[in-house]
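Peer 1: just a sequence and a predicted model for now, questions to come.
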Amino acid sequence: MSRDSSSCFISLILGLVITLASVIPEVEARAFFVFGDSLVDNGNNNYLATTARADAPPYGVDYPTHRATGRFSNGFNIPDLISEAIGSESTLPYLSPELRGERLLVGANFASAGIGILNDTGIQFLNIIRIGRQLQYFQQYQQRVSALIGPEQAQRLVNQALVLMTLGGNDFVNNYYLVPFSARSRQFALPDYVVYLVSEYRKILVSVYELGARRVLVTGTGPLGCVPAERAMRSRNGECAVELQRAAALFNPQLVQMLMELNKEIGSDVFISANAYEANMDFITNPQAYGFVTSQVACCGQGRFNGIGLCTIASNLCPNREIFAFWDPFHPTERANRILVSTIVTGSTKYMNPMNLSTIMALDSLV
């Protein structure tokens, strides 16, 4: 083949590659999928007729747009900061009309405030996306991505993605302990309820694996009795509420054990446990060491510890969110979220089992 004809052939091939690249979107950064409750919801509930919403001021006061986005935070939440850590843009809520075309390749957030492991958790919030429906949306998402980049590439995108799963807190706060003599507390003693919860959670995680997830960060519950709402309602002198702390102390070790067993069955470290309890307790027990003035009082709220009712435009609002560990009666400030995500990224095995996110990223980059 002459030099002219070979250069012409190479030009033709390059032209074809460029044309194909423009037709099939390239999967570049690692996709990220989020399932769970209000700790990780970034706006799905805005599209639903529910009271579990964060779409009005002062929510979002420190977000780049200074507008409420549906995140239960003054600014960024945990998924935003994980996206930042893996070098990606924030995932959009699955119900957002903006989630289409190439934006699908970033991943999606399926989380919905108020939900739990159990379907009867959060029934007072009415229209929320329970975990079974979140998984159905994940299947639907995969069909949409297959239509965009083809089934093989879609499968690869899901297999190589990072997944965050945050469930469990509401099964205590908005179910077992929601009212005295709740249906679940009459059905189960607390230790038996925890065993039941963990067995139901296992089924959810198996479903996520069957849908293609191969790296799943699973957060345990935080110190449920130490949030301003529970201190306000249940403590005499502002101490953490004993019964809810007991619930978290029972649930978290059993969750870790179940994840280890699942990994052993699969023969791979698919599920990574994040010890949210210890990570939160670090700054709750010693707020000054982390630059906080208080971990008892919420920035936004009213009543004792600003822990009563909802955070609204009529609530007390602290002028400096940087010095508060809690934004509202239940949720951390952006600054506290940054501390939690820093632990997820670089934390020791005290917090991350069997490895942290930076190790995951390094290992998976070698594959």
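Peer 2: Now that the structure is in, tell me what you want to look at. The shown structure was predicted, so the numbers you read here are calculated from the model rather than taken from an experiment. Numbering: from 1, shown residues only.

Peer 1: backbone dihedrals for the residue most central in space within the chain, please?
Peer 2: Closest to where the C-alpha atoms of the chain average out (C-alpha atoms, centre = their mean) is residue 40, at 3.6 Å. Phi and psi for residue 40, reported as degrees, to the nearest 10, are phi -130, psi 0.

Peer 1: pretty sure it contacts residue 81?
Peer 2: No - the criterion here is C-beta atoms under 8 Å, and residue 40 misses it with residue 81 at 10.8 Å. Where C-beta positions appear, they are placed from N, C-alpha and C, glycine not excepted.

Peer 1: and the spatially closest residue to residue 300 that is not a sequence neighbour, how many neighbours?
Peer 2: Distances taken as C-beta to C-beta, 6 or more residues apart in numbering place residue 311 nearest to residue 300, at 3.8 Å, with adjacent residues excluded. Close neighbours of residue 311, defined as other C-beta atoms under 10 Å, add up to 26.

Peer 1: just the pLDDT at residue 311, thanks.
Peer 2: Residue 311 carries a pLDDT value of 97.

Peer 1: how about it, secondary structure?
Peer 2: Secondary structure, DSSP: H, G, I helix; E, B strand; the rest coil: residue 311 is coil.

Peer 1: so who does it touch?
Peer 2: Counting by C-beta atoms under 8 Å, 6 or more residues apart in numbering, residue 311 touches 58-59, 298, 300-301, 327-329.

Peer 1: for the biggest helix by length in the chain, buried residues please.
Peer 2: Ranked by residue count under DSSP state H, the longest helix found in the chain is helix 242-266. Buried positions in helix 242-266, judged by neighbour count with 16 or more other C-beta atoms under 10 Å: 244-248, 250-256, 258-259, 262-263.

Peer 1: now do stretch 287-296
Peer 2: Neighbour-count burial for stretch 287-296, counted by 16+ other C-beta under 10 Å, picks out 287, 292, 294-296.

Peer 1: just how off-centre is it within its chain?
Peer 2: 24 Å (C-alpha atoms, centre = their mean, to the nearest Å).

Peer 1: residue 346: what's it in contact with?
Peer 2: 356-358.

Peer 1: export the buried residues of stretch 287-296 as a markdown table, with columns for pLDDT.
Peer 2: Below are the buried residues of stretch 287-296 laid out as a markdown table (pLDDT from 0 to 100):
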| residue | pLDDT |
| --- | --- |
| 287 | 98 |
| 292 | 98 |
| 294 | 97 |
| 295 | 97 |
| 296 | 97 |
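
Peer 1: inside strands: which ones of the residues you listed?
Peer 2: Members of the buried residues of stretch 287-296 lying in strands (criterion: DSSP state E): 294-296.

Peer 1: could you save those as TSV and add columns showing distance to residue 214?
Peer 2: Formatted as TSV, these follow (distance: C-beta to C-beta, whole Å):
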residue	distance to residue 214
294	41
295	36
296	40
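
Peer 1: between these, which is closest to residue 317?
Peer 2: residue 294 (14.5 Å; C-beta to C-beta).

Peer 1: surely residue 46 touches residue 92?
Peer 2: No - when contacts are counted by C-beta under 8 Å, residue 46 is not listed as touching residue 92 (11.6 Å).

Peer 1: ranges for the strands of the stretch 151-300 of the chain?
Peer 2: 162-166, 216-219, 271-274, 294-298, 300-301 (DSSP state E, counting those that start in this stretch).

Peer 1: before we move on, back to that, farthest pair in the buried residues of stretch 287-296?
Peer 2: 292 and 296 (10.1 Å).

Peer 1: for stretch 183-191, how far is the first residue from the last?
Peer 2: Length of stretch 183-191, first residue to last, C-alpha to C-alpha, to the nearest Å: 15 Å.

Peer 1: and it, what's buried?
Peer 2: In stretch 183-191, counting by 16+ other C-beta under 10 Å, buried: 184-185, 190.

Peer 1: now stretch 307-321
Peer 2: 307-308, 310-311, 315, 317-318, 321.

Peer 1: next one: stretch 122-140
Peer 2: Within stretch 122-140, the residues that count as buried by 16+ other C-beta under 10 Å are 122, 125, 128-131, 134-135, 137-138.

Peer 1: which of the residues you listed lies closest to residue 177?
Peer 2: Checking the buried residues of stretch 122-140 one by one against residue 177 (C-beta to C-beta), the nearest turns out to be residue 122, at 13.0 Å.

Peer 1: neighbours of the nearest residue to that closest one once chain neighbours are set aside, how many?
Peer 2: Counting by C-beta to C-beta, 6+ apart, residue 114 is the residue found nearest to residue 122 once chain neighbours are left out, at 3.7 Å. Other residues lying near residue 114 total 25 when counted by other C-beta under 10 Å.
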